[in-house]
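Enquirer: I'll drop the sequence and a predicted model, then ask my questions.
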Amino acid sequence: MFLFWKVLLAHLVADFVFQFEGLYQLKVRSLWGHILHVLIHGVVLLLFLYPYLGNPEIWVFAAAVMIFHLIQDFIKYTLTKKIPKNTFLYFMTDQFVHVLVLGSILILPISSEVRGFPNDALLDAVYRDNTFTLFLIFFILLTVAGSYTIHAFYRSFVKNSRPLYGITSYEITYTLLERSIIGIIVLVTPHLLLGILLTPLVGLARLPFKKMRDRTGFLISFSYAVLLSLCFRIVL
């Protein structure tokens, strides 16, 4: 699973961390936005697979991932424009298929090899550490990816939601901090139930910010953060 975690992390970085607001809007308006997004995916994927780039299989895999990603994104955005109420269904299906495509790396013979950076002890240790990789996956799912997941949920199930609800730069930054605090509390507290009961107090910090005074939004964000953190508390 070593290489799978690396390509999954690369996907999350490219699909969410580098999915800045301007790029998202460009994707909505034009095919060029999708092409730029896919090129970013390719570059990030190759960077994360750098120790393996001497093997032609990796280049074929990366090219296939980019092609499938472009096709999937085009289909998802087309369907979302036609039937916005199914945004969450399209989003989750799209991400599920992405994971299946990325999982195909396990078919390659090279997936059984664990490589690193023998000329750089620190980088080698970090790259080979699956726990560190899993923690980064958790952090992105908790924060930026969480914002896009909640955005898709809102578009499908909450009436009169804003088109960019939860994914403006301001909202992503705020909820990144909010869900990070909730995640840390759930992960490290020795008294899990007490920690979960105290985490709603984090929502009080929203009160000075008019744009963030959304009780439904906080409850959804809070529930997402707690459930995901509980899952990773078990895994990590």
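Expert: Arrived safely.
Enquirer: ok, residue 219 - how many residues close by?
Expert: Counted with other CB atoms under 10 Å, the burial measure for residue 219 works out to 12 neighbours. Glycine gets a C-beta too; all of them are placed from N, C-alpha and C.
Enquirer: Check the one 3 residues further on too.
Expert: If you count neighbours by other CB under 10 Å, residue 222 ends up with 18.
Enquirer: Then residue 230?
Expert: The number of residues near residue 230, taken as other CB under 10 Å, comes to 15.
Enquirer: buried stuff in the host helix or strand of it?
Expert: With elements delineated by DSSP states H and E, residue 230 resides in helix 215-235, which encompasses its position. Buried residues in helix 215-235, counted by 16 or more other CB atoms under 10 Å: 217-218, 220-222, 224-226, 228-229, 232.
Enquirer: other SSEs contacting that helix?
Expert: Contact analysis of helix 215-235 by 3 or more CB pairs under 8 Å, 6 or more residues apart in numbering; DSSP states H and E lists helix 130-142, helix 144-157, helix 169-188 as its packing neighbours.
Enquirer: relative to helix 130-142, how tilted is the helix or strand containing residue 3?
Expert: In the assignment (DSSP H and E), residue 3 maps to helix 2-12. An angle of 30 degrees separates the directions of helix 2-12 and helix 130-142 when computed by axes from the mean of the first three to the mean of the last three CA atoms, to 10 degrees.
Enquirer: hmm, back to that, among the buried residues of helix 215-235, pick out the one closest to residue 2, please.
Expert: For those, the minimum distance to residue 2 (CB to CB) is 18.5 Å, reached by residue 232.
Enquirer: Leaving out chain neighbours, which residue sits closest to the most centrally placed residue in the chain?
Expert: Ranked by distance to the mean C-alpha position of the chain (CA atoms, centre = their mean), the top residue is residue 145 at 3.5 Å. If you skip the residues right next to it in sequence, residue 145 has residue 16 as its closest partner in space, 4.4 Å away by CB to CB, 6 or more residues apart in numbering.
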